[in-house]
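[1] give the three-dimensional model of this entry:
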Amino acid sequence: MQASPIGTPRGIRIHPSATVHPGAILDGDVDVGPGCTIGPGCLVLGTAGPVSIGADCTLVANVTLNGPLALGSGNVLYPNACLGFAPQDLGFDSSKGGSGCVIGDRNVFREGATVHRGKTAEPTRIGSSTHWMANSHLGHDGEVSDGCTIGAGSVLGGHVHLERDVTVGAMSAMHQFARAGHGSVVADTAGFTTGLPPWFVCTSINAATSVNLDGLHKAGATDRMVASVQWVFDALYREDRTPQQAIPSLEERREDEVVADYLRFLSASTRGICHGVGRANRDDRANVPGASAARVGNTLPA
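    Down below sits the predicted model:
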């Protein structure tokens with residue numbers, strides 16, 4: 001799905017099969033698709049950029065949408081969900097539309113969930129079939145792929161990238177530019193400033209302590225695939241060496257598609273990855289190719 005370009009407002013267009021409560025306010029360039037329901041107290045602002053609401057979406061009540069925003073079909077937004085407002089960046093001119101937000105299909109945004117629009121050339125992106133629990137937040141320029149679940153009160157900072165089927169527990173946090181590989185899990189009240197490789201579980205700050213075996217089995221992974229994931233985890237974290245020192249061992253098994261996927265994730269890292277529990281793993285910076293040597297503070301984004 002492509003974000004609609006900012007241009008001359010075309011006015012309000014409501015499909016004949018859509019239902020808009022008389023207490024809702026629509027302003028600017030707004031397109032409401034077939035079968036949509038927009039409840040009382042909703043505010044849809046297409047003044048800074050167009051807002052497109054796909055078929056069969058439900059805005060329960062008191063939902064606010066701000067353009068540029070392209071919303072796919074079958075999404076459900078609960079009271080006080082706010083999508084598309086300006087980044088919490090003191091240097092950003094909130095009167096500008098920016099690159100907006102692009103959101104896929106069948107997503108659920110529970111009470112108080114917030115998503116901020118992009119400030120770079122690319123919009124903030126959310127895939128399909130994600131679930132955003134109460135008071136969860138995605139910062140500007142973030143990218144969240146299909147099937148992710150974001151727990152209540154969790155915060156994903158700007159430019160964060162979640163691959164598919166990531167689970168983020170309640171009251172957790174991810175620092176700006178942090179990455180989570182597919183199938184990974186962030187436990188309640190945990191968080192990280194770096195990268196969490198696929199299928200690994202983060203249980204405290206910057207610490208990957210186990211493998212998401214339950215998730216692997218639910219995803220239909222074979223015994224061979226599970227064994228490969230466990231081998232990579234052990235190679236990175238349980239052999240008294242840093243992840244950087246483990247790279248040659250992984251390269252020797254690159255023909256294994258599971259190991260190759262981990263090498264892909266590691267090579268794309270610019271901030272390092274979570275450490276394990278051993279002493280050799282305590283340096284969570286500059287431990288994989290491309291990791292920056294810049295210092296990261298001990299606090300996570302608010």
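
[2] got the domain ranges for the chain?
    By the assignment in automatic domain parsing, the chain contains the domains 12-153, 215-281.

[3] of these, which shows the lowest average pLDDT?
    Among the domains of the chain, domain 215-281 carries the lowest mean pLDDT, a mean of 92.

[4] put together CSV for the domains of the chain, with distance to residue 207 on each row.
    (Each C-beta comes from the backbone N, C-alpha and C, glycine too.) Converted to CSV, these look like this (distance: least, CB to CB, whole Å):
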stretch, distance to residue 207
domain 12-153, 18
domain 215-281, 6
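
[5] most packed of these?
    domain 12-153 (a mean of 20; mean count of other CB atoms under 10 Å).

[6] now do the end-to-end distance for that domain.
    Using CA to CA, to the nearest Å, the end-to-end distance of domain 12-153 comes out at 34 Å.

[7] what about the closest residue to residue 263 other than its chain neighbours, is that helix, strand or coil?
    Leaving aside its chain neighbours, residue 263 sits nearest to residue 250 (5.6 Å; criterion: CB to CB, 6 or more residues apart in numbering). Following DSSP: H, G, I helix; E, B strand; the rest coil, the label given to residue 250 is helix.

[8] the residue nearest to residue 200 when sequence neighbours are not counted bridge partners, please.
    Of all residues not flanking residue 200 in the chain, residue 208 sits nearest, at 4.4 Å (CB to CB, 6+ apart). In this structure, residue 208 bridges to residue 202 when assessed by DSSP bridges.

[9] what about residue 126, distance to residue 270?
    Distance from residue 126 to residue 270, counting by CB to CB, to the nearest Å: 22 Å.

[10] residue 199 is in contact with the residue nearest to residue 200, correct?
    No: applying CB atoms under 8 Å, one finds residue 208 not in contact with residue 199, separated by 10.0 Å.

[11] can you give me the helices in the stretch 151-300 of the chain?
    213-218, 223-237, 243-251, 257-267 (DSSP state H, counting those that start in this stretch).

[12] may I have the first one exported as CSV, CA atoms only?
    Once non-C-alpha atoms are left out, helix 213-218 reads as follows in CSV (Å, rounded to 0.1, in the frame of the first residue of the first chain):
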residue,chain,number,x,y,z
LEU,A,213,10.4,-22.6,21.4
ASP,A,214,6.7,-22.2,21.8
GLY,A,215,6.5,-19.7,19.0
LEU,A,216,8.7,-21.9,16.8
HIS,A,217,6.4,-24.9,17.3
LYS,A,218,3.3,-22.8,16.7
